[in-house]
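> With the sequence up front, the predicted model follows.
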Amino acid sequence: MLRDILEEHKFEKERLLSNSIERAKLPLVRKNLQLDLVKVITGPRRAGKSIFAHLLLRGKNYAYVNFDDDKLIDLEDTDELMKAVLEVYSNPDYVFFDEIQNLANWELFINKLHRRGFNLILTGSNSNLLSKELASSLTGRHLAFEILPLSFAEAKPFCSIHDYIKRGGFPEVVLKGYDAKDYLSALVDSILLKDVVKRHNLRFSQKLVDLFTYLAGNFAAPVSFNKLKNILNFNSIHTVQNYLKYLNDAYLIFCLNRYS
């Protein structure tokens, strides 16, 4: 059964590679492919991390396992999985695990494969692959590369600067013409719920939404912890600081500290 699943993933790999565009960061990451470190692609949801990894490995002998497949949701025997990988791909030079966070105890699995000499590339939900946690999970044996939505230079062949400013650079909006307002609204809701509220087990989720809504409506404007506390009726500055950090970690905002 595992072999059949991986054959499906192999077909999916070819389809994904046929509908993609080059990313500016590819040459930088390609320089590090041969290093004896786990390569981790991080960034916000829907920014194109999986496609980036496929482009990175295009032309290489690599295996692909997508843990977003519900058929792998109860996988327990990772040794059997790797046996099937080697049967389907015949000693690959690289192994790409997509959405690795869906595998229980993935850190132990990845560390084991790294010790065995596999050259590994990982992508996953940002909520599970924060840099500080990777450092402890993979005990320093990794390189993290951050992938953001398309820059204007990358999106330019597909949209005008007016459309880019108005609609943004998420690949599915630029390349597939999805309605930007509906798409981004749903994406924000998903990130708030999955990458922040659930991850940090927040009891007062509406306060988080209020904070994000205020910041999104006052972008590039100076704010202070005390000001936000008073405007939004938070109980403490400490809570404001924590919520800002959560939003920043989830790529919903970027904080720029003022030093003078």
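Arrived safely, thanks for sending. As the structure is a computational prediction, the values presented were derived from the model and not from experiment.
> By mean pLDDT, flag the weakest helix or strand of the protein.
Among the helices and strands of the chain, helix 131-137 carries the lowest confidence by mean pLDDT, DSSP states H and E, at a mean of 64.
> Helices of the chain, start to end?
Counting by DSSP state H, the chain has helices at residues 2-17, 26-30, 49-57, 78-89, 106-115, 131-137, 152-155, 161-167, 171-176, 180-190, 198-200, 205-217, 225-232, 237-249.
> Would you single out the least confident of these?
Here the helices of the chain differ in mean pLDDT, and the lowest is helix 131-137 at a mean of 64.
> Residue 40: which of the helices of the chain is closest?
Taking CB to CB, helix 131-137 is the member of the helices of the chain nearest to residue 40, at 6.0 Å. Any C-beta I mention is one placed from the backbone N, CA and C, and that applies to glycine too.
> and residue 230, how far is that from residue 245?
Using CB to CB, to the nearest Å, we find residue 230 at a distance of 19 Å from residue 245.
> no wait, residue 121
Look at residue 121 and residue 245: by CB to CB, they are 28 Å apart.
> Those two: which is more packed in?
Each of residue 121 and residue 245 had its neighbours counted (other CB atoms under 10 Å), and the higher figure belongs to residue 121 (24 against 12).
> Give me the nearest residue to residue 153, chain neighbours excluded.
Leaving aside its chain neighbours, residue 153 sits nearest to residue 24 (6.5 Å; criterion: CB to CB, 6 or more residues apart in numbering).
> mind listing what the one you found touches?
When contacts are counted by CB atoms under 8 Å, 6 or more residues apart in numbering, residue 24 is found next to 151, 153, 154.
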